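In: here's my sequence, what's the structure:
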Amino acid sequence: MDKNTSEIEKFITFEVAGYWFVLPMKAILKIVNCPSSKEGGAVGIGLVQLGSHTIRLLNLRQEIERSPTATPEQASFLVVVRNPQKELWGIALDVPPDIVELPLTTFKSVVSLETPFDDKTNWISHMAIVPTKDSTRTLLLLDIHAVFQPRVGQLSG
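Out: Numbering: from 1, shown residues only. Okay, the predicted model is just below:
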């Protein structure tokens, strides 16, 4: 590969609590319609049943807003990932994520961020500022390994 050519990867982007997050497509197992409570969805308590799999939910909104009332009762879409321990986890979203292709050079490493993330800043490994139709958007790359440190097991519900 030519050194002047930037490697391009596919990502999903989604908005939570006013922040835009990004995950590489290779980290995503599945994006599905979130089951209703009659179909095995218990988003309010942090669990969803998909077929024979019980999936715990990572509630990014609750963590960012630090509010116990930030837990939705229902979501429309579910992004399913596998943590480093091979357990299934889901991120519930109100709207479907977008798929984008971005050059890896767009992302800059993050050492630390200011509030409101404070101790969650280790969840974000890189940032990218990308153009939109009207202005720019800051994308925060979630680090799956950091998100699922042992403490995160307490985040669902």
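
In: any idea what residue 93 is bridged to?
Out: residue 77 (DSSP bridges).

In: check residue 102 too.
Out: residue 9.

In: now swap in residue 13 and tell me
Out: If you apply DSSP bridges, the partners that residue 13 bridges to are residue 22, residue 98.

In: how near is it to residue 94?
Out: Per Cβ to Cβ, to the nearest Å, residue 13 is found 14 Å from residue 94. In this view, the C-beta of every residue, glycine as well, is placed from N, C-alpha and C.

In: comparing the two, which shows the higher neighbour count?
Out: It is residue 13, of residue 13 and residue 94, that has more neighbours when counted by other Cβ atoms under 10 Å, with 18 against 14.

In: surely that one touches residue 141?
Out: No - using Cβ atoms under 8 Å, residue 13 is not in contact with residue 141; the gap is 10.1 Å.

In: what is in contact with these two at once?
Out: Counting by Cβ atoms under 8 Å, 6 or more residues apart in numbering, the residues touching both residue 13 and residue 141 are 21-22.

In: the bottom helix or strand of this structure by mean pLDDT?
Out: Using mean pLDDT, DSSP states H and E, strand 41-42 stands out as the lowest-scoring helix or strand of the chain, at a mean of 70.

In: quick check: longest helix of this protein.
Out: For the chain, the helix that runs over the most residues, judged by DSSP state H, is helix 60-65.

In: please point out which parts of it sit buried.
Out: 60-64 (16 or more other Cβ atoms under 10 Å).

In: do stretch 87-99 as well
Out: 88-93, 97.

In: ok, residues contacting that stretch?
Out: 10-16, 25, 29, 31, 34, 43, 48, 53-60, 72, 75-83, 148.

In: which stretches of this protein have low pLDDT?
Out: 1-5, 37-41, 43, 66-74, 111-121, 148-157 (pLDDT under 70).

In: show me where it has its strands.
Out: 8-16, 19-24, 28-33, 41-42, 47-50, 53-57, 77-82, 88-93, 98-103, 108-109, 124-131, 136-142 (DSSP state E).

In: give me whichever of these is most buried.
Out: Ranked by mean neighbour count, the strands of the chain are led by strand 88-93 with a mean of 23 (mean count of other Cβ atoms under 10 Å).

In: angle of it against strand 28-33?
Out: 50 degrees (axes from the mean of the first three to the mean of the last three Cα atoms, to 10 degrees).
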